[in-house]
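[1] Quick one, structure for this:
(chains A, B, C, D, E, F, G and H)
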Number of protein chains: 8
Amino acid sequence: MKEVEISKAILNKYNERLVGHLDNDVVIVGAGPAGLAAGLYLAKSGVKTTIIEKKLSIGGGIWGGAAGCNVVTFEDTDILDEIGVRTEKQGGLITADSIEFATALAYGAKKAGVEIFNLIEVEDIILIDEAVKGVVVNNAAVRTLGLHVDPFCISAKYTIDATGHPAELVAMLKRRSPELFPNQLQEHFMNVEVSEAGVVEKTGQVFPGLFVAGMSVCDVYNLPRMGPIFGGMLKSGRKVAELTKDKLGI
Amino acid sequence: MKEVEISKAILNKYNERLVGHLDNDVVIVGAGPAGLAAGLYLAKSGVKTTIIEKKLSIGGGIWGGAAGCNVVTFEDTDILDEIGVRTEKQGGLITADSIEFATALAYGAKKAGVEIFNLIEVEDIILIDEAVKGVVVNNAAVRTLGLHVDPFCISAKYTIDATGHPAELVAMLKRRSPELFPNQLQEHFMNVEVSEAGVVEKTGQVFPGLFVAGMSVCDVYNLPRMGPIFGGMLKSGRKVAELTKDKLGI
Amino acid sequence: MKEVEISKAILNKYNERLVGHLDNDVVIVGAGPAGLAAGLYLAKSGVKTTIIEKKLSIGGGIWGGAAGCNVVTFEDTDILDEIGVRTEKQGGLITADSIEFATALAYGAKKAGVEIFNLIEVEDIILIDEAVKGVVVNNAAVRTLGLHVDPFCISAKYTIDATGHPAELVAMLKRRSPELFPNQLQEHFMNVEVSEAGVVEKTGQVFPGLFVAGMSVCDVYNLPRMGPIFGGMLKSGRKVAELTKDKLGI
Amino acid sequence: MKEVEISKAILNKYNERLVGHLDNDVVIVGAGPAGLAAGLYLAKSGVKTTIIEKKLSIGGGIWGGAAGCNVVTFEDTDILDEIGVRTEKQGGLITADSIEFATALAYGAKKAGVEIFNLIEVEDIILIDEAVKGVVVNNAAVRTLGLHVDPFCISAKYTIDATGHPAELVAMLKRRSPELFPNQLQEHFMNVEVSEAGVVEKTGQVFPGLFVAGMSVCDVYNLPRMGPIFGGMLKSGRKVAELTKDKLGI
Amino acid sequence: MKEVEISKAILNKYNERLVGHLDNDVVIVGAGPAGLAAGLYLAKSGVKTTIIEKKLSIGGGIWGGAAGCNVVTFEDTDILDEIGVRTEKQGGLITADSIEFATALAYGAKKAGVEIFNLIEVEDIILIDEAVKGVVVNNAAVRTLGLHVDPFCISAKYTIDATGHPAELVAMLKRRSPELFPNQLQEHFMNVEVSEAGVVEKTGQVFPGLFVAGMSVCDVYNLPRMGPIFGGMLKSGRKVAELTKDKLGI
Amino acid sequence: MKEVEISKAILNKYNERLVGHLDNDVVIVGAGPAGLAAGLYLAKSGVKTTIIEKKLSIGGGIWGGAAGCNVVTFEDTDILDEIGVRTEKQGGLITADSIEFATALAYGAKKAGVEIFNLIEVEDIILIDEAVKGVVVNNAAVRTLGLHVDPFCISAKYTIDATGHPAELVAMLKRRSPELFPNQLQEHFMNVEVSEAGVVEKTGQVFPGLFVAGMSVCDVYNLPRMGPIFGGMLKSGRKVAELTKDKLGI
Amino acid sequence: MKEVEISKAILNKYNERLVGHLDNDVVIVGAGPAGLAAGLYLAKSGVKTTIIEKKLSIGGGIWGGAAGCNVVTFEDTDILDEIGVRTEKQGGLITADSIEFATALAYGAKKAGVEIFNLIEVEDIILIDEAVKGVVVNNAAVRTLGLHVDPFCISAKYTIDATGHPAELVAMLKRRSPELFPNQLQEHFMNVEVSEAGVVEKTGQVFPGLFVAGMSVCDVYNLPRMGPIFGGMLKSGRKVAELTKDKLGI
Amino acid sequence: MKEVEISKAILNKYNERLVGHLDNDVVIVGAGPAGLAAGLYLAKSGVKTTIIEKKLSIGGGIWGGAAGCNVVTFEDTDILDEIGVRTEKQGGLITADSIEFATALAYGAKKAGVEIFNLIEVEDIILIDEAVKGVVVNNAAVRTLGLHVDPFCISAKYTIDATGHPAELVAMLKRRSPELFPNQLQEHFMNVEVSEAGVVEKTGQVFPGLFVAGMSVCDVYNLPRMGPIFGGMLKSGRKVAELTKDKLGI
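    Now for the predicted structure:
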């Protein structure tokens, strides 16, 4: 029956992809701008990379521009040209359509070879020999409903927290070992100039096996928040890709 | 101040785009597979086209594949090759990654020149001289909260209901003039073979100025539902683009 | 890594079982007393049988006895002795512990070889050549959250609606073809004497390919409701097993 | 089309007003009695002033009088006579209709030239060179729904926290720099005599660029709460206008 | 004690006003634009008039302009000049600030002498000798919580349904006597030209003792909806005031 | 009109009673067993006493007995005989019907002359010259809905916290002056023997002007919880009445 | 252990009472004014009577007077004097305190010997030989949570629907046999004069074995609603007691 | 009447069982894998044992396998063979069907003689002479709704906290005596190897009269979490049975 053939094709293909990506070089949590950019550059270099996203759709905070006005800004066209986003100069800024930016970036990352699992939510970290070795995940709908159901595990040589403001993985470390991150995990007051540069500069490893990229960096280092300007996010993603490739010897 | 410059750039650019698209050749409601495909082909032909989407992200029912297994199926690679989606043969079917499909399709439509406004929800139809002449819309967040706030209007020579199973625009017509659509607006029991063909065949105008495409077609004509197979959706979108171009004399 | 080995073992085994049961002789919707009894007797005869249950746990209305007093009643020990439930005479009735009854029945069905998928919810019916040929299903958590995600399909030569009072599958038929079931789908006022016999007598096929068992029978035929007496439920399940085996020529 | 002309007129006018008020002399957060009074006196002196209000309507806690009995009290008619509110002596007190008071005050502020944006919610503070330089805001409906959408910015030479009991802006400062406000931000037990005088006396600057007025003053200085007596609120608003005008050299 | 004096002043004053307005010449349900305008013109002529409003604030759908852009439109400045709203010509339309319009109108009505009770919700109609003789009301918070608490009554020689789209009072008549209003109570598709005139023309008595004004007129006569243009609302309010004054012989 | 006469009679009578009880000798917060008993004995001695209860009905935790089995227990019939509750000996205990107990106690208190206002919720304490001088209250429905509406005040020479486990008034003192009550406000583990005696013994004044009675005593002194045995509650209520009468010199 | 002795005493006593009242002469559903009055007069005559109430407390709509002003009205002191409620003349009406009225009535009914089970909700009717023979009930908390748990049964020679406006038992009959009650079950517009008399006159049997009393009478016969005047309720309760005693031959 | 006979049989039997188990040798809180295993081994040795479970069904986190894939894993077949669960080797692991495992384990425990009360929730601990002597419980539905209803008590010589991750009983001890458990009650990061052994090793008494078993052990000792591998749970349950039997001298 055609209906069953379709079901079989999907279930088998998905299981093959999911089981095939339980072991990774790098696992990225969060398919927002920094996570997608990190995935794009890692996959381009042939690193086996999986992105975990708890929502059904990807793109994080890109879609709504500012207050729902779906336009985003940048300071230059670096990376945008590479992924094929059309831009416009407006005063000293570059603007682009937020939907074009979100889809071009994700499409670029997919074409480069990154694997993305949506509707999968991180519950916890795998910690072996005092290093992060991947994440404990579950069906996001099951978790949202508070059903009492066990998770499964996705391992990686390196894990990237690209979860944005909550810095979810860092927060899990801090909850059990508060001394590791004595500061509150929060961004500082809005200041674009300081933060566009700072977020890239501070992108890096914060615990053996765990890197931060994108707005998670602001939380960990109490950098200012930025609003709808996305160049720092992309560059932070690219930098974390470079750093993990170095670790992997690529 | 940089923060204010960013805000100005976004607010001005958005207002320019929004006000610039209050008059259209075609307005499409729903940025799912059929609506995006319709937008893609209309924009390619230079038709001034706007898509309205009430969610923050686009893609409709594509993202989750079947039951969250993010794989989608097709019967052939028509249109997919054109928008650059990588496919694989599996038994008698074609499979693709649902995230790649969603982003490639939307990115393709944007590059072709379609305008998309997300987080905008249709409240009603504009009816002048017994023909649909566009839609009455509002901020989707304002509406979800049930705030008592008036809408605004987006006009078009032709309007396409690509809202999927609710067939929202047809339902608005039926609520006031039940005799126009005496059948219940609902899809029939699952039967893929019958429906992949039927949905394309029945795509068309259902009231002066109003066309249906995608799953809305199934609702209006009580065709079977289909599940996660998307070829019919794309072809329905392409067909409705052809039909409206004919009307526009393009 | 041990964590990943566990994940692989579970995901692969589950996919093998699920894909292996997309085609069935009989699919039963609802793992309450009638559905489990039907599954027990079908599996005992070697019929390939799958039970679909939308909740995380099985047992339907058995667990709470009356108003949470976890005792259930029967008129005789038929079937109970067979599945190993200890009973007690109390006046003219037989009582048993509801937890013992629920677990013995489900455990018996599993040992007989029935496949049960919990947390899977029926969305629709597959209708081919005017006969029910299985069900359209989805992840129950995804559905409860109202996420826009497509379903998959489970086919069967015969389908049993053991969904209890909502008679969900019959209701789906009735929604599209009200003339098939002109009565309201509802049980009548409480009357145990009339209904314990009637529910077994009326158990049977209601549409090509579709059978009803258990409280669904009461809804379709407007039989009285019964309360916490379960003999009729078990016998209805056993009878529907006999009827479908006849159809299958077993 | 008339419908589209109306939409254009509104969208263009709103964008002109909003973009025109992204830079201000003074921004006031909260359109309750103190915020409106501050706006009234600032605008009367020609200061470019914008009030941000997260609710759809303005007036804060004025509308309901005490427990919904829509009468408010004052100790004298100062300011009330000026804005045209009819009063009555009742014992040693002055009473007025709460609806008349709310609308006369807001109408007076508007006529004086203040700009008010309702349905806009403050998310954060802009902090440059260790001084508050405005606020980070968003669509209040988008925020209430918890949508992942970036904010925009409204700058000002001076910012007034007139948010009432939560003292929202002071609380944002305190969350990141608890040492700045070591006391809990809360009003003390009810004591009208002490507080009507105290709230005016303590109205002032609490951090470079940030002033408090109205009930926010009580929170910051742990003054007693007051209930439905509004003279202190109005005078606190008038005083903060004087103080910021001094700073502006007006 | 000062605190108790304030409480006494408010409770006594409110009780005096409320009990003093249990008998009226005219009671208006709904303090939106049409209800406030009706109240303004009735009170100006010395008619004893009470407006009942279930929300805490008045103004109905005025505050949010279109989609939260707080600008409203008119076709001429009639009535606006009278209540002191500043306007601006924009294309063929008149625009005004929605907050200025809402507060000027309500303040004008109050100054003219109308009584307004907010947070009071209509539960039912008083029907004596086959004529509407007032309304049955309750505390709106008590009703929202579904508490089992009886209402009280406000009588009037004439009652005006200015409840907007739900046309609440007409709907109560229709629920018990469907034959009185055989049409569905709903506005028709958007068409500003037709409706700005029609809503004024059709304003009038729909049952002995009961008048409709504002958007309730559109519901009763299935006139088109209008969006954020408010001239018709004001004129409908003024007309219903004239009609009821005629009935009262004033 | 009869309907309006009824409304007038109720509104006037209620206002007279409420305004007449804004000044009291004693105000009791909570109409559970201890609060009602305190009210009964105070009113019997002619003390002007008002009980405030946030729920619509009185009786607190009496109605449901244990887990909804509506039977309550006592160690002796003291007080019960006085208020006319029929009892039964069962083992070493006294049992009574919980509904009979709740209604007899409240009816007795009313007959003795206590004033009770239900649906009124305490928001805060009035503190003058470092002594509690009454409570700040509001409409409980308005508060439950979180409406922004000011409270009113009820003064008393002495205030009794009979709010049960939350010890609401003590908690308000502690929130602003944690040093006054360094212990957590919580009852200890269940131990009936210890607590039936202890709760009476510790009943008394905890701050100038503020007394505790009933389960609030357990919270303040960390006494064990008791479950459905009510003798201690009644005796604590009687004792607090004696203590406040002493203070009042009665 | 004292704690366990208390538990045993309550559980045993409750089970004895509940099981002892599974068979009754009369079962009354709803412990509002009419149900309590019916219970009072039946029990006074020695009829074995049980009242079922789904809420935790009894009293129905008495507690809140009008809009929370806890005063109730009557046309005479009949029955009130009998149960010991103090009244006051106010104009042509009698007023009483609503809390005194609720508790005196329930206490009177209890003393007369009626059994009341609170927190028990009616699910359905027992219908044997075309006559109502009692009710199907469940734990009200279990039902409110929608848990899948079976009910139990309480039988009676005669059943009284005193459920107020929903007329719950009549509605259950009507749902299955709409022809029995062709009118909508709803009260008519407010008209006190007509209804105070009508509700008593129409009190009576509506189906073999089923009587209606109180506001349920208004629903069945479309009598006007009444508001906070309770004489008719009490007299309806007394009348239904007389009618059922006649049937029982008492 | 048959309906009432059924009700009587159930209510009487349940009361007999419940009252008969208010005194126990051992009470186990939580009917998950560890609690059921503990109950199984205690009952096999003739220890009077009661399990309390707040949900309607038993089994805890067993039913959903990993992320809803209903397969569970083990390191060996110990205990599984004993309770009759069919297993399969998969790589170095043992897999079983989660539904078969849950029902076989619970059925085995019931047959061994354990008493289980579902829909009963623990509220508190009974503490006498500084030792835990049982638990304070309530109807779980009543508690979920937040109804103000007192609990009852179940006593035991020894109490086992098998509540899983919340370690509910230990948390109650810690809330009142934080010094007893200075560590946060939380499991550590995922590490299966360490925890499968550790959870059994640490199973034991944590306070006079109180034992922990299963995941509660991980919380108390900050052991790693484990995911869907259940051998340690079963062995922890068996071990706690041995330890309490030793204490009981069995």
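
[2] Near residue A:208, how many residues? Count them for me, please.
    12 (other C-beta atoms under 10 Å in any protein chain shown). Just so you know, the C-beta spots here come from the backbone N, C-alpha and C atoms, and that holds for glycine as well.

[3] Spatially nearest residue to it (excluding sequence neighbours)?
    residue A:131 (3.9 Å; C-beta to C-beta, 6 or more residues apart in numbering or on different chains).

[4] how far away is that neighbour from residue C:214?
    54 Å (C-beta to C-beta, to the nearest Å).

[5] more crowded one of those two?
    residue C:214 (34 against 14).

[6] Check the gap between the closest residue to the more buried one other than its chain neighbours and chain E for me.
    Closest residue in space to residue C:214, ignoring its immediate chain neighbours: residue C:34 at 2.6 Å, by C-beta to C-beta, 6+ apart. As judged by C-beta to the nearest C-beta, to the nearest Å, residue C:34 and chain E stand 37 Å apart.

[7] can you tell me which residues contact residue A:92?
    residue B:5 (C-beta atoms under 8 Å, 6 or more residues apart in numbering or on different chains).

[8] my bad, should have said residue A:248
    With C-beta under 8 Å, 6+ apart, residue A:248 has these contacts: A:25-26, A:47, A:157-158.

[9] what's the answer for residue A:20, then?
    Taking C-beta under 8 Å, 6+ apart, one finds nothing in contact with residue A:20.

[10] can you do 10 Å?
    Contacts for residue A:20 (C-beta atoms under 10 Å, 6 or more residues apart in numbering or on different chains) come out as A:48, A:50, A:115, C:8.

[11] So residue A:124: helix, strand or coil?
    strand (DSSP: H, G, I helix; E, B strand; the rest coil).

[12] Run a quick neighbour tally on it.
    Residue A:124 has 21 nearby residues by other C-beta under 10 Å.

[13] Give me the phi and psi angles of the residue positioned nearest the centre of chain A.
    Most central in chain A under C-alpha atoms, centre = their mean is residue A:35, positioned 2.4 Å from the mean C-alpha point. Dihedral pair for residue A:35: phi -70, psi -40, per degrees, to the nearest 10.

[14] What of residue A:70?
    Per degrees, to the nearest 10, the backbone of residue A:70 is at phi -80, psi 60.

[15] what's the answer for the one 10 residues further on, then?
    Main-chain torsions, residue A:80, degrees, to the nearest 10: phi -60, psi -50.

[16] Is any residue of stretch A:49-57 near chain H?
    No. Stretch A:49-57 lies apart from chain H when judged by C-beta under 10 Å from any C-beta of the partner chain; the minimum separation is 12.5 Å.

[17] Need the CA coordinates for that stretch. PDB is fine.
    C-alpha atoms of stretch A:49-57 as PDB (Å, rounded to 0.1, in the frame of the first residue of the first chain):
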ATOM      1  CA  THR A  49      28.500  17.600  12.800                       C
ATOM      2  CA  THR A  50      25.000  17.300  14.200                       C
ATOM      3  CA  ILE A  51      22.700  20.200  15.200                       C
ATOM      4  CA  ILE A  52      20.000  19.600  17.800                       C
ATOM      5  CA  GLU A  53      17.000  22.000  17.800                       C
ATOM      6  CA  LYS A  54      14.100  21.800  20.200                       C
ATOM      7  CA  LYS A  55      11.700  23.800  18.100                       C
ATOM      8  CA  LEU A  56      10.000  22.400  14.900                       C
ATOM      9  CA  SER A  57      11.600  25.100  12.800                       C
END
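
[18] Can it be said to contact chain C?
    Yes. Using C-beta under 10 Å from any C-beta, stretch A:49-57 comes into contact with chain C via A:55-57.

[19] Any chance of CSV for those residues, columns neighbour count and secondary structure?
    Listed next are the residues of stretch A:49-57 next to chain C as CSV, based on neighbours: other C-beta atoms under 10 Å in any protein chain shown; DSSP: H, G, I helix; E, B strand; the rest coil:
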residue, neighbour count, secondary structure
A:55, 20, coil
A:56, 24, coil
A:57, 25, coil
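
[20] Which member of the residues you listed is positioned nearest chain D?
    Checking these against chain D with C-beta to the nearest C-beta, the nearest one is residue A:55 at 8.5 Å.

[21] What does the pLDDT read for the closest one?
    We have a pLDDT of 98 for residue A:55.

[22] What is the burial count for the residue lying closest to it once chain neighbours are set aside?
    Nearest residue to residue A:55, sequence neighbours excluded (C-beta to C-beta, 6+ apart): residue A:118, at 6.6 Å. Counted with other C-beta under 10 Å, the neighbours of residue A:118 add up to 22.

[23] Can you tell me how far residue A:118 is from chain H?
    Distance from residue A:118 to chain H, by C-beta to the nearest C-beta: 14 Å.

[24] Ok, residue A:44 next?
    30 Å.

[25] Tell me which residues touch that residue, please.
    So residue A:44 contacts A:82, A:108-109, A:111-114, A:241 (C-beta under 10 Å, 6+ apart).

[26] circling back to that earlier point, I'd like the contacts of residue A:20 written out as CSV, with pLDDT and secondary structure added.
    Below are these laid out as CSV (pLDDT from 0 to 100; DSSP: H, G, I helix; E, B strand; the rest coil):
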residue, pLDDT, secondary structure
A:48, 98, coil
A:50, 98, strand
A:115, 98, strand
C:8, 97, helix
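
[27] Buried ones only from the residues you listed, please, as a ChimeraX command.
    A single ChimeraX command is used to select the members of those judged buried by 16 or more other C-beta atoms under 10 Å in any protein chain shown:
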select /A:48,50,115 /C:8
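
[28] returning to what we had before: nearest to chain C among the contacts of residue A:248?
    Nearest to chain C among those, with distances taken as C-beta to the nearest C-beta, is residue A:157, at 11.2 Å.

[29] The closest one contacts residue A:210, correct?
    No. Using C-beta atoms under 10 Å, residue A:157 is not in contact with residue A:210, being 11.4 Å away.

[30] between the two, what contacts are shared?
    A:131-133.

[31] Specify which member of the residues you listed is nearest to residue E:152.
    Nearest to residue E:152 among these is residue A:132, at 65.7 Å by C-beta to C-beta.

[32] element containing the residue nearest to residue A:27 when sequence neighbours are not counted, please.
    Leaving aside its sequence neighbours, residue A:27 sits nearest to residue A:156 (C-beta to C-beta, 6+ apart; 3.8 Å). Element membership for residue A:156, per DSSP states H and E: strand A:152-161.

[33] Could you identify the helix or strand that succeeds that strand?
    helix A:168-176.

[34] quick one, phi psi at residue A:211?
    Torsion angles, degrees, to the nearest 10, at residue A:211: phi -110, psi 160.

[35] show me what contacts it?
    Here residue A:211 is in contact with A:26, A:28, A:38, A:132, A:158-162, A:169, A:203-205, A:217, A:239-241, A:243-244, A:247 (C-beta under 10 Å, 6+ apart).

[36] List buried residues within the residues you listed.
    By 16+ other C-beta under 10 Å, the contacts of residue A:211 give A:26, A:28, A:38, A:132, A:158-162, A:169, A:203, A:205, A:217, A:239-241, A:243-244 as buried.

[37] The nearest residue to residue A:191 once chain neighbours are set aside - how many residues pack around it?
    Leaving out its chain neighbours, the residue that sits closest to residue A:191 by C-beta to C-beta, 6+ apart is residue A:224, at 3.7 Å. Here the number of neighbours of residue A:224 (other C-beta under 10 Å) works out to 23.
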